[in-house]
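> Fold the following, please.
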Amino acid sequence: MKDKNKWLHYLLFFLIMGLGVFLICYVNFRIGIFSVQNKESLWMFFAKYITTIFLGVLIGIEFLVSQINKSGKWRINLAKLTFLGIPSILFTFFNVQIANLNPGLNFLSTNQTFLIFWQIVLGYTLVTSFYKNDSIRF
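Down below sits the predicted model:
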């Protein structure tokens, strides 16, 4: 019976991920059309980033759900936030400035793969940095 639940679990996870990716693509497509018709604003700039960060959250949501069922106090993995979260924030939001500091890194400011990768890492890091610690310490 557990094996059947595992299959259903991953099927549901796949469907949620597929729907999430579809919605992210649709929202980014609509934002792109709107920005062509109108002047692109700061809101549209951040909306594109937030939708891709949400994909990283979707990838890590399974971990967070598994933590909800555990007993114990909620903890934050500061090492993960420090060494993955902060660099991914910097690479996500300040990529143009990083490229301007060193002309040899100019390709980073125009490379969408670089941006998308760090946005997904940021979302995943944020959602998987919270966990429950069930060990009792005296």
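
> This protein: helices as residue ranges?
Taking DSSP state H to define them, one finds helices in the chain at 2-37, 42-68, 78-80, 86-93, 95-101, 107-110, 112-128.

> And for Ser88, the neighbour number?
By the criterion of other C-beta atoms under 10 Å, Ser88 has 23 neighbours. Glycine gets a C-beta too; all of them are placed from N, C-alpha and C.

> give the contact list for Lys80.
Under the criterion of C-beta atoms under 8 Å, 6 or more residues apart in numbering, the contact partners of Lys80 comprise 125, 128-129.

> correction: Leu81
Shown here is Leu81, whose contacts under the criterion C-beta under 8 Å, 6+ apart are 125-126, 129.

> That one and Leu23: what is the separation?
Between Leu81 and Leu23 the computed distance is 27 Å (C-beta to C-beta, to the nearest Å).

> sorry, back to before: of all the helices of the chain, which lies closest to Asp134?
Comparing the helices of the chain against Asp134 with C-beta to C-beta, the closest turns out to be helix 42-68 (10.0 Å).
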